[in-house]
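Peer 1: this is a predicted model, with the sequence first.
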Amino acid sequence: MESELKGQQRKKEQLEADIELCSIKLERAEKLISGLGGEKTRWEATESELAKAQEDLTGDMLISAGIIAYLGAFTASFRQQLVDSFVHICDKAGLAHSARYSLTSVLGEPVTMHSWLLGGLPNDNFSIDNAIIMANGRRWPLFIDPQGQANKWIKALEKNNRLQVIKLSEGGEFMRVLENAMQFGSPVLLEGIGSELDPALEPLLLKQLFKSGGATCIRLGDTTVEYSAEFRFYITTKLRNPHYLPEVAVKVNLLNFMITPAGLADQLLGVVMAAERPDLEEQKAALVVAGAENKHQLKGIEDKILEVLSNSTGNILEDESAISVITEAKRLGNEIAGKQRVGEATEAAIDEARVAYAPCGDYLSTLFFCISDLASIDPMYQYSLPWFTKLVLASLAQAAKADTVSQRLAAIHSHFTASLYKNVCRSLFEKDKLLFAFLLTARILAAQNQLEPAEWMFLVMGGVGSVKTKPNPASAWLPDNAWRQLLQLSTLSAFSSLAEAVTKNAQAWRAVYDAAEPHKAQLPGVYDGLHAFRKLLVVRCLRPDKVVPAVAAFVGSTLGLQYVESPAVDLSACYADSSATTPLIFVLSPGSDPTAAILQFAAEKGMSSRLSAISLGQG
């Protein structure tokens with residue numbers, strides 16, 4: 001009986017232990033369910049997304065590899081055309097790919113991209129794609145960076161990693177910096193290169209690594225240097241359209257980092273908001289930093305939970321440490337997610353306030369790209385983004401104050417347009433000043449949707465393509481070429497009845513043709529009330545010799561007469577814009593000499609005794 005009693009007692013103890021374990025498991029299960037219960041729907045959605053991504057993996061990776069290998073140097077529009085052609089090739093070959101392919105969705109990491117934007121990467125798809133190409137490419141990146149955006153971003157990105165900045169003009173010094181950086185794993189930025197690279201860099205560009213004594217090494221010139229896996233190398237050029245030979249292009253990853261209108265508009269909106277509403281801009285900057293940190297922590301917590309779940313063996317309810325880790329991680333995650341929701345709501349409210357100022361960012365971006373195009377007229381006409389931003393800040397300080405945002409923006413736009421015109425005209429040859437004013441007017445109208453692209457192309461290129469010919473109704477006074485141009489112009493919707501109107505009322509149109517100033521003459525019939533730009537197209541057809549005065553009249557009537565008259569050179573204003581590191585350079589034509597004006601200005605400033613005249617020929 002004693003034996004039976006002991007057996008029953010052991011059984012009882014076992015049952016009590018089982019009950020206690022079951023209670024603990026129930027308690028842990030409750031913690032697990034409360035901690036991860038809300039994740040079920042999201043994880044199921046993620047699972048289906050990952051299953052679809054797995055199906056599309058081959059096609060997506062093939063397209064991504066093509067972009068990284070070949071498309072970095074191209075503009076946004078041409079790059080998109082080529083991506084579309086890649087997608088079409090995959091379709092023809094029967095390779096599955098994402099329905100709406102984008103490099104950002106396939107290779108982009110949200111947390112990483114957020115940190116890039118925080119470091120100053122322009123906030124547009126083209127720039128983000130460039131950063132993804134840089135991060136995933138095997139070759140060192142060479143940024144085509146005329147506005148200095150990549151240079152600025154790389155310096156912010158690597159500022160905590162002992163970034164070394166070098167130039168080829170430093171002679172042998174830059175090689176010593178490179179050797180030390182490769183040995184200790186510091187990033188290096190080679191800035192301001194031309195259309196050729198130093199041959200001494202070839203082993204580094206080709207990554208000619210070898211093992212020596214168990215260490216990875218590279219040979220630069222006569223020196224063998226240990227090579228750290230942490231080393232990174234960036235190259236930038238300020239050339240707008242460099243022509244690199246094939247043997248250079250295959251050694252680097254060319255990336256076109258010219259800023260896009262959308263990216264610049266966002267940057268300039270930030271400049272405007274910082275000046276107009278510094279409270280909102282500071283708050284937004286703090287929220288962006290906090291949001292990036294929160295997202296980084298949430299990603300780490302999620303990874304930790306998944307790691308614990310995947311590494312757990314047997315029944316997870318019996319693993320007390322795993323349950324504790326998951327519960328604590330989820331509690332912390334919920335706190336951060338709550339902060340993130342509050343931050344995002346506040347940021348959305350701030351963005352709503354920024355929307356009122358958004359037209360200013362778009363307007364300033366339009367004007368910057370207008371002056372950027374002047375380099376096509378003369379390579380000397382190149383203007384930096386920092387100079388442009390400085391001009392924007394000056395206008396924000398000097399423009400008239402107003403009671404409403406719309407009135408204030410109108411004042412800023414008017415003041416800045418005039419300021420930009422005066423400052424740019426200082427550096428233009430006389431023959432190009434009217435062209436600049438016309439380009440400025442056209443870009444502003446186009447941004448306001450008051451200019452039809454087809455009409456602009458007609459003015460620039462004339463009638464291009466074939467059109468059904470009709471007999472010239474007034475061959476006695478109307479040249480055949482002018483009639484052909486009128487027929488071409490009649491293909492545009494706003495001029496659909498023009499050729500017919502000239503045919504029916506030839507004498508009235510002859511009065512316009514014979515006028516000394518045809519751009520000021522009254523057009524017959526329904527064309528009397530034409531918009532000033534459309535009247536310019538008629539003048540182009542009838543009297544191409546009067547297009548220049550017609551353009552001047554168009555600019556004067558649209559922007560104002562101050563944009564037609566060349567601003568006088570003001571030495572005091574030029575001096576105010578200069579600094580100890582920004583000299584004034586006079587580009588002289590034969591017979592011109594500013595010496596007398598400079599001497600007089602120095603006397604007015606009381607600096608005659610400190611003015612020195614030197615010549616480069618003095619040695």
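Peer 2: Received it, and whenever you're ready, just let me know what you need. Numbers count the residues shown, from 1 in each chain.
Peer 1: all strands of the stretch 101-250 of the chain, in order?
Peer 2: Secondary structure of the stretch 101-250 of the chain, counting by DSSP state E, counting those that start in this stretch: strands at 141-144, 164-166, 188-190, 209-212, 215-220, 223-226, 233-237.
Peer 1: now mean neighbour count too, for those, in JSON lines please.
Peer 2: All C-beta atoms are positioned from the backbone trio N, CA, C, and that covers glycine. Output for the strands of the stretch 101-250 of the chain, formatted as JSON lines (neighbours: other Cβ atoms under 10 Å):
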{"stretch": "strand 141-144", "mean neighbour count": "25"}
{"stretch": "strand 164-166", "mean neighbour count": "17"}
{"stretch": "strand 188-190", "mean neighbour count": "23"}
{"stretch": "strand 209-212", "mean neighbour count": "11"}
{"stretch": "strand 215-220", "mean neighbour count": "16"}
{"stretch": "strand 223-226", "mean neighbour count": "14"}
{"stretch": "strand 233-237", "mean neighbour count": "23"}
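Peer 1: out of those strands, the one nearest Ala358 is which?
Peer 2: strand 141-144 (28.1 Å; Cβ to Cβ).
Peer 1: so how far is Ser608 from Glu282?
Peer 2: 46 Å (Cβ to Cβ, to the nearest Å).
Peer 1: also Leu15?
Peer 2: For Leu15 relative to Ser608 (Cβ to Cβ), the value is 109 Å.
Peer 1: low-scoring stretches of the stretch 301-450 of the chain, by residue?
Peer 2: 305, 309, 312-333, 340 (pLDDT under 70).
Peer 1: switch the cut-off to 50
Peer 2: Counting by pLDDT under 50, the stretch 301-450 of the chain contains no low-confidence segment.
Peer 1: which parts of it are strands?
Peer 2: Using DSSP E, counting those that start in this stretch, strands in the stretch 301-450 of the chain do not occur.
Peer 1: show me where it has its helices.
Peer 2: 320-355, 358-372, 385-398, 405-425, 430-447 (DSSP state H, counting those that start in this stretch).
Peer 1: what number of residues lie near the closest residue to Asp198 other than its chain neighbours?
Peer 2: Using Cβ to Cβ, 6 or more residues apart in numbering and skipping residues adjacent in sequence, the residue nearest Asp198 is Leu168, 5.6 Å away. Neighbours of Leu168 under the rule other Cβ atoms under 10 Å: 17.
Peer 1: ok, back up a step: among the helices of the stretch 301-450 of the chain, which is nearest Pro187?
Peer 2: When those are compared (using Cβ to Cβ), the closest one is helix 385-398, at 23.2 Å.
Peer 1: put the alpha carbons of the closest one into CSV.
Peer 2: Below are the C-alpha coordinates for helix 385-398, written out as CSV (Å, rounded to 0.1, in the frame of the first residue of the first chain):
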residue,chain,number,x,y,z
LEU,A,385,22.9,76.7,-57.6
PRO,A,386,24.5,78.2,-54.5
TRP,A,387,24.7,81.6,-56.3
PHE,A,388,21.0,81.2,-57.4
THR,A,389,20.0,80.3,-53.8
LYS,A,390,21.8,83.4,-52.5
LEU,A,391,19.8,85.5,-54.9
VAL,A,392,16.6,83.9,-53.7
LEU,A,393,17.4,84.7,-50.1
ALA,A,394,18.2,88.3,-51.0
SER,A,395,14.8,88.7,-52.7
LEU,A,396,13.0,87.0,-49.8
ALA,A,397,14.5,89.7,-47.5
GLN,A,398,13.8,92.6,-49.9
